[in-house]
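A.B. asks: Quick one: sequence and predicted model below, then my questions.
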Amino acid sequence: MADKEASQCSAVAAWFGKYIHERLGIPVGLIVTAWGGTIAEAWTSPEALMTNPDTALLVNQLETRMRDEEAWEANSKESTTARLSKPDPGNEGFGKGWAAPEFNDADWKRMQIPGSWKQQGIAGNGAIWVRRKVSIPQAWDGKELVLRTGGIDKHDTAYFNGVEIGRTGTGLEVNWFCVPREYTIPAELVHAGENTIAIRAFSFLWEGAFWGGDNAYVLALKGTDETIPIAGEWVALAEFDWGNLSMNNLQPISFGRDNPNTPGILFDAMLYPLLPYAIQGAIWYQGESNAPTLEDSRQYLAKLKTMITDWRFHFRQGNFTFIQVQLANYHDPVEFDKASPWALLREAQRLVCNALPEVYMASAIDIGESVDIHPQDKKSVGKRLSDNALSNVYGLPGLPSGPLYRGFRRELNRIRLFFDHEDGLCIKQDSIHDADASRGFILIEADGNAVPADSVVVEGNTIVVSSGKSAEPVGVKYAWADNPPSTIYNSASLPASSFSTLDEF
C-alpha cells in the first residue's frame with residue numbers, strides 16, 4: 001500500500017489486514033467504507049429500516065421531508081456542517097500577544113491536557129488558547145526539537161516562544177480531529193531554561209478537546225528517544241465562544257442528502273455501489289453515536305440485527321462473517337453506573353452474537369482512553385479483530401476473544417458465573433481504577449438494589465461472586481459503566497466482555 005493510500009485507510013483495518021497476512025501468508029484485500037460519528041440507521045437500507053418499528057418512523061419523516069422543495073433547495077446551497085457553524089473568523093489572540101513568552105497569563109483558567117475544554121468549563125465551540133512553560137535542559141540548548149500532541153479537535157496553530165511552528169486544518173475540514181500532531185521546532189528558537197508553548201485550537205462543531213493519552217504529549221529532541229512530558233496542567237482562555245454546537249441541534253426534519261445521519265444515506269452512497277462485490281466478511285467499529293441515552297442504547301440490539309441481516313441480503317453471499325468491536329472505555333472511571341448508555345449498548349453488542357449466526361465480537365473495554373472517544377491504540381484493536389477472525393473464520397488454534405458470559409447458577413447467597421473462551425480464566429488488578437477484582441462486580445437483589453461484591457473467586461473455569469450485604473442476589477452485572485474496571489482475563493490476556501445476567505432488553 002502506497003503512503004498516500006495508507007494515510008486514507010482505517011488504522012484498525014490496516015492492522016487487522018497485516019496480522020491476517022502474517023499468519024496466512026496470502027494477500028489481504030481491504031475495502032474501507034466509513035464515516036465517523038454516524039449511526040447504524042444511516043448504514044441500513046430504507047427498506048430494511050421499515051421492518052423495525054423503532055426506525056420506520058424515521059423513514060417516514062425523511063420521505064415527508066424530501067417531498068418539500070425547500071428541503072432540496074436548502075441542501076443544495078450548503079452542507080449540514082455549514083448550516084450549523086462557520087469557518088474560523090480569524091486569529092485575534094496572536095495579535096493580543098497570547099503566543100508571546102512574556103505575556104502574563106496569570107488570570108487564565110487551568111486546564112488538564114489531554115482533555116475536553118468543553119467538559120472542563122473553559123468554553124464551548126469556537127477558539128481557545130492554551131499555554132505552558134517548559135524547562136529545557138542545557139544539553140538541548142540550540143538544538144532542533146519536535147512538538148508532539150494527540151489529535152486536536154478540529155484545527156490548530158502551534159507556537160514556540162512566540163513563533164508559529166505548524167498548523168493543521170482549514171475551512172470546515174473535519175478529518176483532523178483525531179490525527180496526532182508533530183511539528184518541528186527550529187534550533188534557533190530553543191534555549192536552555194524556560195520556554196513557552198502556545199496552541200490555538202479551533203472547533204466549529206461537536207466536541208472541543210485535546211485527544212489522546214498523556215504519552216502523546218511530549219517535546220522530543222529530534223532524532224533521539226529523549227523526551228520531556230508536557231501533559232498535565234496548562235492555562236487556557238477562550239478567544240471566542242459560540243456555545244455548544246452539535247448535530248443534536250438538528251431536528252429530524254433536517255434529514256437530507258447532506259446529513260450523514262439521514263436514515264439509509266450511507267447504505268445508498270457507500271455500500272450499495274459495492275454490490276455484488278465478493279467479500280469474506282466485515283469488521284464493524286461503531287456504536288458511540290447510537291448511545292446518547294438509555295433508550296437509544298436499548299434500541300441498538302434490534303437496529304444492529306436489522307443492519308447485519310440487510311447487508312447479508314444485499315451482498316447475497318449467505319451469512320458472511322461479521323466481527324464487531326465492543327465499545328472502548330471512555331469518560332471518567334466509574335465502578336458502576338446503572339444508567340450507563342454505553343454499558344447497555346455493549347450488552348446489545350454481546351447479545352447480537354447470540355442472536356445471529358457468524359457474528360462475533362472483539363472487546364476494547366480495557367484499551368480506551370477517558371478523554372478520547374477515538375482512542376489512539378488502533379494496533380491492539382486490529383490484533384484482537386484478527387485473532388477473532390483467525391480462530392472463527394480460518395480455524396487456526398487460539399482464543400478468539402476474551403471470556404464471554406454464558407450463564408449463571410444461584411448457590412444460596414452466591415452466584416456462579418460460566419463463560420466461553422475461559423481457558424486460563426484469571427483476575428488482574430485494574431491499574432486505571434486502582435480497584436481490586438471485586439470492584440467490577442455488582443450483585444442485583446430482587447428489589448433491584450445494587451450491592452457491590454466483596455468476594456470474587458475464580459474456581460476452575462468459573463467465577464463465584466458474593467457479598468456479606470446480599471443474602472439472596474438474583475443477578476450480577478460486570479463492568480457496567482462507560483469506563484468501568486476491567487479485571488477478568490483469559491490465558492490470551494484478552495478481557496472479558498461486560499455483561500448482565502438479567503434481561504436488559
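C.D. replies: Alright, I've got the coordinates. Not measured: the values here are computed from a predicted model.

A.B. asks: Which helix or which strand is home to Trp234?
C.D. replies: Assigned by DSSP states H and E, Trp234 belongs to strand 232-243.

A.B. asks: Show me which positions of that strand end up buried.
C.D. replies: Applying a neighbour-count criterion of 16 or more other C-beta atoms under 10 Å, the buried positions in strand 232-243 are Trp234, Val235, Ala236, Leu237, Ala238, Glu239, Phe240, Trp242. The C-beta positions use only the backbone N, C-alpha and C, and glycine is treated the same way.

A.B. asks: Find the residue ranges of the stretch 351-500 of the chain scoring beneath the pLDDT cut-off.
C.D. replies: By pLDDT under 70, the weakly predicted segments of the stretch 351-500 of the chain are 429-438.

A.B. asks: Low-confidence regions, this structure specifically.
C.D. replies: 1-7, 70-83, 247-254, 429-438.

A.B. asks: And the helices in the stretch 151-300 of the chain?
C.D. replies: Counting by DSSP state H, counting those that start in this stretch, the stretch 151-300 of the chain has helices at residues 265-266, 294-315.

A.B. asks: Give me whichever of those is most buried.
C.D. replies: Most buried of these, by mean neighbour count (mean count of other C-beta atoms under 10 Å): helix 265-266, with a mean of 22.

A.B. asks: on contacts alone, who are the packing partners of that one?
C.D. replies: Of the remaining helices and strands, none touches helix 265-266 by 3 or more C-beta pairs under 8 Å, 6 or more residues apart in numbering; DSSP states H and E.

A.B. asks: Could you list the residues in contact with it?
C.D. replies: Applying C-beta atoms under 8 Å, 6 or more residues apart in numbering, the contact partners of helix 265-266 are Trp35, Thr38, Ala42, Trp43, Arg257, Asn259, Pro260.

A.B. asks: ok, now which ones touch the nearest residue to Phe441 once chain neighbours are set aside?
C.D. replies: Among residues not flanking Phe441 along the chain, Ala453 sits closest, at 4.0 Å (C-beta to C-beta, 6 or more residues apart in numbering). By C-beta under 8 Å, 6+ apart, Ala453 lies in contact with Ser438, Phe441, Ile442, Leu443, Val465, Ser466, Ser467, Val476.

A.B. asks: can you do 6 Å?
C.D. replies: Ser438, Phe441, Leu443, Val465, Ser467 (C-beta atoms under 6 Å, 6 or more residues apart in numbering).

A.B. asks: a helix runs through Leu417, doesn't it?
C.D. replies: No. Counting by DSSP: H, G, I helix; E, B strand; the rest coil, Leu417 is not found in a helix; it is strand.

A.B. asks: do you know how far the closest residue to it other than its chain neighbours is from Val334?
C.D. replies: In space, Leu417 comes closest to Ile463 once its chain neighbours are excluded; the distance is 4.6 Å by C-beta to C-beta, 6+ apart. To Val334, Ile463 is 21 Å away according to C-beta to C-beta, to the nearest Å.

A.B. asks: So those two - more neighbours on which side?
C.D. replies: Each of Ile463 and Val334 has its neighbours counted (other C-beta atoms under 10 Å); Ile463 has more, 26 against 16.

A.B. asks: How far does the one helix or strand the more buried one maps to sit from its chain's centre?
C.D. replies: Ile463 is part of strand 462-466 when elements are defined by DSSP H and E. Distance of strand 462-466 from the chain centroid (C-alpha atoms, centre = their mean, to the nearest Å) equals 31 Å.

A.B. asks: any idea how far His314 is from Glu47?
C.D. replies: Taken as C-beta to C-beta, the span from His314 to Glu47 is 10 Å.

A.B. asks: thinking again about what came up before, okay but the residue nearest to Leu417 is in contact with Arg416, surely?
C.D. replies: No. Contact criterion C-beta atoms under 6 Å: Ile463 and Arg416 do not qualify, at 7.3 Å.

A.B. asks: mind listing the helices for the stretch 1-150 of the chain?
C.D. replies: For the stretch 1-150 of the chain, helices defined by DSSP H, counting those that start in this stretch occupy the ranges 3-6, 11-24, 46-49, 53-66, 69-77, 80-84, 92-95.

A.B. asks: Excluding chain neighbours, give the residue nearest to Ser391 in space.
C.D. replies: Closest to Ser391 by C-beta to C-beta, 6+ apart is Pro400, at 3.6 Å.

A.B. asks: Do you have the strands of the stretch 51-200 of the chain handy? List them.
C.D. replies: Listed in chain order, the strands of the stretch 51-200 of the chain (DSSP state E, counting those that start in this stretch) span 109-113, 115-116, 125-136, 145-151, 155-160, 163-168, 180-185, 193-203.

A.B. asks: Mind putting these into CSV with mean neighbour count?
C.D. replies: Listed next are the strands of the stretch 51-200 of the chain as CSV, based on neighbours: other C-beta atoms under 10 Å:
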stretch, mean neighbour count
strand 109-113, 19
strand 115-116, 20
strand 125-136, 21
strand 145-151, 22
strand 155-160, 24
strand 163-168, 16
strand 180-185, 17
strand 193-203, 21
